[in-house]
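Engineer: Here's a sequence, model it:
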Amino acid sequence: MLYSYTFADRKRDLAGVMSTVIKDEPRFISNFRAAPDATSRKHEYWEDLLTGRSITASAIANGVLTLSAGDAAKLRVGTLIALKNDPGLFKVTAVNDTSATVILAAANGSGFADVNSLPAGGGNFIIVSTPMSEGSGNGDGEENYSLGSTQWNATQIFRKEIVLSGSALAVSLYGNADDQLNRQTAFALADLARDLNRVALFGRRVEAAAGIRGEAGGLYYFGTAAGVPAIDAAGKNLDSFIINDAAQALLGEGGDPMQILCSPGQARVISNEFRDRMQILRSDDRRGAYVAVIVNEINGRGMTILADPDVPDTDAWVLDPACFALANLAGRAITDTDATPKGFDGIRRVAIGELTFEFKNIKQRVCRISNLLGSDAAIKALRG
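Structural biologist: Residues are numbered from 1 along each chain as shown. Here you go, the predicted model:
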C-alpha cells in the first residue's frame, strides 16, 4: 500500500451510521425500523394477527346479518354492535360461519324500532364491546393473537466503492487521509440510503439461486397484491374524502393510519385543502418535507404527510408505519474494508452489506390511492 491511514487494516461496522442516515432521510425509507437479523437469504417473518373493530354485512333479513367468514370470526354471543352513523345498539345472539343473528339492545334515540328496521342491503357496523359475565373462564373472551401467519422477502446485496486517488490525497483539501475517507464514506452511505429508498418502493422479490441474484421486494410489489386495500381516484384531486376513505379501510382491518406518502406535488395539493387545519412540527425527528401533520377525521389522530420525490405523482399511500422494518442478514450488515490493490495510486475501500425489508400485515396497514389527477393540473386548477 502506497498510502497509510489509521484504519487501514480494520473492518468498520457501518450499520449504526447507516441507521442514522436512514432515519434522517426525509423519504419513505425513514419509516423502516431495525428488525432482528435475518438468518437466511429467504427471510421469513411472523405477521401479527390484527382484528379489525368493524364488520360489513352484505345483506340483512329478520335480524340475520350475512357476513364474510373473517368478519363472523370477530363476533361472539353477547357482542354489542352499532350500524355506522347511527346510535342504535344491537346484541349478537348467535354466530355461524358466515352469519350472525342480532336483536335490538337499545334504540339510543335512533330510528330503529326493531331488527326489521335495519337496511336489507346491509351496511357497515362497528364493534362496541363484548361484555363478560362474572366468573368467566378461558375461551369466553375475544381472542387476540400476537402472531398469525408468515410472510417472506429476499435479501439483496448492496455495494459501494470508496476511492481516493493519490492526487486527491496530495492536495489534502479536506484534511488528512482519515478525514477524506470519512467524508467519502458519508457520501457513499447517502447514495446507499437513496438506493434503499427506491428498492423499498419499487423492488421485486427474487430469491437468490444458482446464477440468480437476490432482490428485495418493495412497497409496490407487496402493496399491489390481491387483498390489499386500494382506492381508484378516477382522475380526481387528492383530498380529505379520498384520504379518509383510505384511513377507514385500514381502521376496519385493524390498522392505525398515521401517514400519507405522496409526491411533493401532491403534498402541495393536499396542503392547500388543509392549510387552515395543518400543524407544523419542528423537532429532532422531523426534517425536510416531513413536518406537516393533518388531523384524520376518522379517528381524530394526526397523520403525517411524507413527501417523497420518488413516489409516482398520480399515486398516494395511506400507511400504518408499524408495517415496515429492515433486517440485515446475520453477519452481513453494512461494513467497509480496505480493497486497495498492490501498487494502486491511491486508496480504495468497499462498503458492502446484505439486507431485506419486512412488510408486516400489509393487507391491514397500507392502502394505495391510484389514478390521481396529476399535481401540476391540480395546482393549476386550484390557482385558477
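
Engineer: where exactly do the strands run in the stretch 251-384 of the chain?
Structural biologist: Secondary structure of the stretch 251-384 of the chain (DSSP state E, counting those that start in this stretch): strands at 259-262, 279-280, 292-295, 302-307, 316-319, 324-328, 335-338, 346-359, 366-370.

Engineer: for the stretch 251-384 of the chain, which spans come out with low pLDDT?
Structural biologist: Counting by pLDDT under 70, the stretch 251-384 of the chain shows low-confidence ranges at 274-301, 384.

Engineer: circling back to that earlier point, among the strands of the stretch 251-384 of the chain, which comes closest to G203?
Structural biologist: Among the strands of the stretch 251-384 of the chain, the nearest to G203 by CB to CB is strand 346-359 (7.7 Å). Bear in mind the C-beta positions are built from the backbone N, C-alpha and C, glycine included.

Engineer: could I have that closest one exported to CSV, CA atoms only?
Structural biologist: Taking C-alpha atoms only, strand 346-359 is exported to CSV below (Å, rounded to 0.1, in the frame of the first residue of the first chain):
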residue,chain,number,x,y,z
GLY,A,346,-4.5,5.9,-4.0
ILE,A,347,-6.8,4.2,-1.5
ARG,A,348,-9.8,2.0,-2.3
ARG,A,349,-12.3,0.8,0.3
VAL,A,350,-15.5,-1.1,-0.3
ALA,A,351,-18.8,-0.8,1.6
ILE,A,352,-20.9,-3.9,1.3
GLY,A,353,-23.8,-5.5,3.1
GLU,A,354,-26.9,-7.7,2.6
LEU,A,355,-30.3,-6.9,3.9
THR,A,356,-34.0,-7.1,3.2
PHE,A,357,-37.3,-5.4,4.1
GLU,A,358,-40.2,-6.6,6.2
PHE,A,359,-43.8,-5.5,5.3
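
Engineer: re earlier: pipe the strands of the stretch 251-384 of the chain into TSV and attach mean neighbour count and distance to A381 per row.
Structural biologist: Putting those into TSV (neighbours: other CB atoms under 10 Å; distance: least, CB to CB, whole Å) gives the following:
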stretch	mean neighbour count	distance to A381
strand 259-262	26	17
strand 279-280	10	25
strand 292-295	20	21
strand 302-307	21	20
strand 316-319	27	17
strand 324-328	21	34
strand 335-338	18	50
strand 346-359	22	35
strand 366-370	23	18
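
Engineer: Among the ones you listed, which comes closest to G109?
Structural biologist: Between those, strand 292-295 lies closest to G109; by CB to CB that is 27.3 Å.

Engineer: Please enumerate the strands of the stretch 51-200 of the chain.
Structural biologist: Taking DSSP E, counting those that start in this stretch as the criterion, the stretch 51-200 of the chain carries its strands at 54-57, 59-61, 64-66, 80-83, 89-96, 99-106, 123-129, 150-154, 156-165.

Engineer: Now do the first one, average pLDDT.
Structural biologist: Model confidence over strand 54-57, given as mean pLDDT, is 86.

Engineer: What pairs with it, parallel or antiparallel?
Structural biologist: Using DSSP bridges, strand 54-57 pairs in its sheet with strand 123-129 (antiparallel).

Engineer: Would you pull up how far the strand it pairs with lies from the middle of the chain?
Structural biologist: 26 Å (CA atoms, centre = their mean, to the nearest Å).

Engineer: I'd like the strands of the stretch 51-200 of the chain laid out as CSV, including mean neighbour count and distance to E354.
Structural biologist: Supplementary listing: the strands of the stretch 51-200 of the chain in CSV, determined by neighbours: other CB under 10 Å; distance: least, CB to CB, whole Å:
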stretch, mean neighbour count, distance to E354
strand 54-57, 20, 41
strand 59-61, 16, 51
strand 64-66, 20, 49
strand 80-83, 20, 48
strand 89-96, 17, 48
strand 99-106, 18, 49
strand 123-129, 17, 43
strand 150-154, 18, 10
strand 156-165, 17, 5
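
Engineer: that older thread, need the strands of the stretch 251-384 of the chain in TSV (columns: distance to N153).
Structural biologist: Converted to TSV, the strands of the stretch 251-384 of the chain look like this (distance: least, CB to CB, whole Å):
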stretch	distance to N153
strand 259-262	19
strand 279-280	35
strand 292-295	30
strand 302-307	22
strand 316-319	17
strand 324-328	8
strand 335-338	22
strand 346-359	5
strand 366-370	15
